[in-house]
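Undergrad: Sequence first, then the predicted structure, then my questions.
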Amino acid sequence: MRSALITGASSGIGAALARALAGPDVVLHLGGRDETRLAGVAAACRGRGATVSTDPADVRDEAAMRGWITAAGRERRLDLVIANAGISAGTGTAGAESEAQSRALFAVNLDGVLNTVWPALELMAGQERGADGRRGTIAAIASIAAFLPAPGAPAYAASKAAVDAWVLGQSPAARRAGIHLASVCPGFIATPMTAGNPYPMPSLMPAERAAAIILRGLARGRLRIAFPWWMAALARAIGALPAPWALALLAGHGGKPDFRGQGLRDRP
Ligand SMILES: NC(=O)c1ccc[n+]([C@@H]2O[C@H](COP(=O)([O-])OP(=O)(O)OC[C@H]3O[C@@H](n4cnc5c(N)ncnc54)[C@H](OP(=O)(O)O)[C@@H]3O)[C@@H](O)[C@H]2O)c1
């Protein structure tokens, strides 16, 4: 029996991860605020034989997240936790990000990850080691955007850079506690998050393929799963340039809609 908990399982990559993991002898704890979409994903996973529970906890709610994760681990050993929930927005037509948008992005993308990973670390530290020698595995979804200063999406890229750096920095301590902690940095994945992007998205990949790459990387014990490799290498090369050069190269790229441009007044 394997057991996994995924935040942001009501859509996109999280839903694809849930479906990929689903099967007989699998227990899934799926999170997401849109209960209708979450119920649809849960039904698909049950159709594959999994035992599924859902929780509408907002990842920004520290107490609710700790309660959900602790209760899931009390039920049965938790093998895998994926801090996947996230939001994205850019500078849009205004060409600049509002303070509200910056704060909203950090609240979900960074605090939401901390609210998921810390209770998972504490829970797993008390678990027995499994057949893989680990007390558990935790992954946080960052982005290739973590490797660059992004004038078209400053807080999104910065929140992902913080997640990636924190996870990697924390991973040796997690390893000493018997837990594999990994950062996942995808390129462009075809999900509702990218559906409205008004710019070319090279190597745009179906969410199912991204889920397979992520799960394979975790099984192999990789600390950072960045894909596609060429985009990760290019982003890291641009990120290594002197800042004015990197910014000049990236100027005019991006232009992702801001919250209003996405039809979201002041999400969330
Ligand atoms: N798509 C890409 O190209 C790409 C690339 C790199 C990294 N990523 C990252 O991958 C992750 C998943 O993105 P996606 O593309 O699958 O986007 P998506 O389809 O928009 O899904 C985002 C998920 O996050 C959940 N979520 C958002 N805010 C939440 C909150 N406050 N509390 C709880 N859940 C919340 C959403 O649930 P509700 O809608 O039910 O609230 C939804 O399930 C994100 O962290 C994203 O930044 C995506």
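TA: Good, I have the coordinates. Numbers count the residues shown, from 1 in each chain.
Undergrad: where does this protein come near the ligand, residue by residue?
TA: Applying the criterion C-beta under 6 Å from any ligand atom, the portion of the chain that neighbours the ligand consists of 7-8, 10-14, 32-34, 37, 58-60, 84-88, 108, 141, 143, 186, 188-189, 191-194, 268. Every C-beta, even on glycine, is put in place using the N, C-alpha and C of the backbone.
Undergrad: Filter those residues down to just the ones in helices.
TA: Here DSSP state H is the test, and the residues of the chain next to the ligand give 12, 13, 14, 37, 192, 193, 194 as lying in helices.
Undergrad: Which members of those residues are the farthest-apart pair?
TA: 37 and 194 (16.9 Å; C-beta to C-beta).
Undergrad: re the thing from before, save the ones in helices among the residues of the chain next to the ligand as JSON lines, and put in neighbour count too.
TA: Shown next, in JSON lines, are these (neighbours: other C-beta atoms under 10 Å):
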{"residue": "12", "neighbour count": "21"}
{"residue": "13", "neighbour count": "26"}
{"residue": "14", "neighbour count": "27"}
{"residue": "37", "neighbour count": "15"}
{"residue": "192", "neighbour count": "11"}
{"residue": "193", "neighbour count": "20"}
{"residue": "194", "neighbour count": "15"}
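Undergrad: Of the residues you listed, which is the nearest to the ligand?
TA: Set against the ligand, the nearest of these by C-beta to the nearest ligand atom is residue 12 (2.1 Å).
Undergrad: if I pick residue 12, what's in contact with it?
TA: With contacts defined as C-beta atoms under 8 Å, 6 or more residues apart in numbering, residue 12 is in contact with 189, 191, 192, 193, 207.
Undergrad: Tell me how far it lies from residue 206.
TA: According to C-beta to C-beta, to the nearest Å, residue 12 stands 11 Å off from residue 206.
Undergrad: residues shared between the contacts of these two?
TA: Shared contacts of residue 12 and residue 206 (C-beta under 8 Å, 6+ apart): residue 189.
Undergrad: Name the residue of the stretch 51-200 of the chain that lies nearest to the ligand.
TA: Taking C-beta to the nearest ligand atom, the stretch 51-200 of the chain has residue 86 as its residue nearest the ligand, at 2.2 Å.
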